[in-house]
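Student: Just the structure for this:
(one chain, ligands or ions: 2)
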Amino acid sequence: MEKLIITAAISGAEVTKENNPNIPYTAEEIGKEAEFAYKVGASIIHLHVREDDGTPTQKKERFRECIEEIRRRVPDVIILPSTGGAVGMTNEERLQPIYLEPSPEMATLDCGTMNWIGGDEIFLNTENTIIYFVQEMNNRGIKYELECFDKGMIDTVLRLHNKGYIKGPMHFNFMLGVKGGINASVRDFLFLVNSIPKNSTFSIGAIGRYEFPMITLSIIMGGHVRVGFEDNLYLSKGILANSNGELVEKVVRIAHELGREIAKPDEARKILSLI
Ligand code: KMH
Ligand code: ZN
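Tutor: Residues are numbered from 1 along each chain as shown. Ligands and ions are numbered 1, 2, ... in the order given. The predicted structure follows:
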């Protein structure tokens, strides 16, 4: 099997210090969380940024500040900014991190519209939005991580791939257990994995208590994994994680028990055809 790529989704846009005081907001906090996650095995940092008071933002300047802080500490880690941002942001706001120079190596591409975690929120990604984001990323040589929260989003990706918009080899990230998206069950996980072309790669993340069971399944099946505060705040039942690094350490323990080696950033770059 390929070595395991671990993505650390260290901050997210929805969770707050009231949920877990260790969630990073400032550039220094982001840098420290990224550094620890990297040191224990993460090769990709999925990055959302915040104002110092925790408000989610997609401002280019804030991304620049946080990316510089991460780079100062861990020069070779892959940084994967979010173009999802937070619900309610405009497309132009969301795209800001891809306009940084140098361009990020990768960025997220959200592949469909959905109800978002209950209530009245809608995470809006029309087909025209997806095409626009793809074109902007293609123009800058940025590899997209295809964020799929449901099976229909995979079908959208395959259609846009067949039309020549989405380039291969494709890398999917399945997010399971988000209210409004597909459940975090073994059946649904297999449904997603069996729906993508054989020459693509995939990673899996799941919300809350589903995170570790689902990533274990991915490790067994040759997929890659994502963990972090964006998705889950707990190391185990009732025990808040002190850092994203603790969550990554747990993945590494599971992977070692299952005989799967961990990819360093340059190995991840090769697996994802970034180099
Ligand atoms: N915060 C969500 C609305 C992404 O990073 O691209 C979107 C999200 C997905 O987190
Ligand atoms: Zn995200």
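Student: what helix or strand does Leu95 sit in?
Tutor: For Leu95, the enclosing helix or strand under DSSP states H and E is helix 91-95.
Student: Average the pLDDT values over that helix and round to the nearest integer.
Tutor: Mean pLDDT, computed over helix 91-95, is 98.
Student: Tell me which helix or strand comes right after that helix.
Tutor: Following helix 91-95 in sequence, per DSSP H and E, is strand 106-110.
Student: so what does the very next helix or strand once past that next one touch, helix or strand wise?
Tutor: Next in sequence after strand 106-110, counting helices and strands by DSSP H and E, comes strand 114-115. Contact here means 3 or more CB pairs under 8 Å, 6 or more residues apart in numbering; DSSP states H and E; on that basis strand 114-115 packs against strand 122-123. All C-beta spots, glycine's among them, are computed from the backbone N, C-alpha and C.
Student: Just give me the neighbour total for whichever residue of the stretch 101-250 of the chain sits closest to ligand 1.
Tutor: The nearest approach of the stretch 101-250 of the chain to ligand 1 comes at Thr108, 3.3 Å away (CB to the nearest ligand atom). Counted with other CB atoms under 10 Å, the neighbours of Thr108 add up to 24.
Student: What residues are bridge-paired with it?
Tutor: Taking DSSP bridges, one obtains Glu145 as the residues bridged to Thr108.
Student: Would you mind confirming that it makes contact with Leu47?
Tutor: No: applying CB atoms under 8 Å as the test, Thr108 and Leu47 come out as separate, 9.5 Å apart.
Student: Can you pull the residues that touch both of those two?
Tutor: Common contacts of Thr108 and Leu47 (CB atoms under 8 Å, 6 or more residues apart in numbering): 80-82.
Student: ok, the closest residue to ligand 1 within the chain - contacts?
Tutor: Ligand 1 sits closest to Gly84 of the chain, with a gap of 2.5 Å, by CB to the nearest ligand atom. Applying CB under 8 Å, 6+ apart to Gly84 gives the contacts 13, 94, 108, 110, 123, 147.
Student: Could you look up the SS state of Tyr38?
Tutor: With DSSP: H, G, I helix; E, B strand; the rest coil as the basis, Tyr38 sits in helix.
Student: burial of it, as a residue count?
Tutor: 25.
Student: Tyr165 versus the residue nearest the centre of the chain, what's the distance?
Tutor: Residue closest to the mean C-alpha point of the chain, counted by CA atoms, centre = their mean, is His46 at 4.7 Å. Separation of His46 from Tyr165 (CB to CB, to the nearest Å): 23 Å.
Student: To which secondary structure element is Val15 assigned?
Tutor: Val15 belongs to no helix or strand, assigned by DSSP H and E.
Student: how close does it sit to Ile207?
Tutor: In terms of CB to CB, Val15 sits 11 Å off from Ile207.
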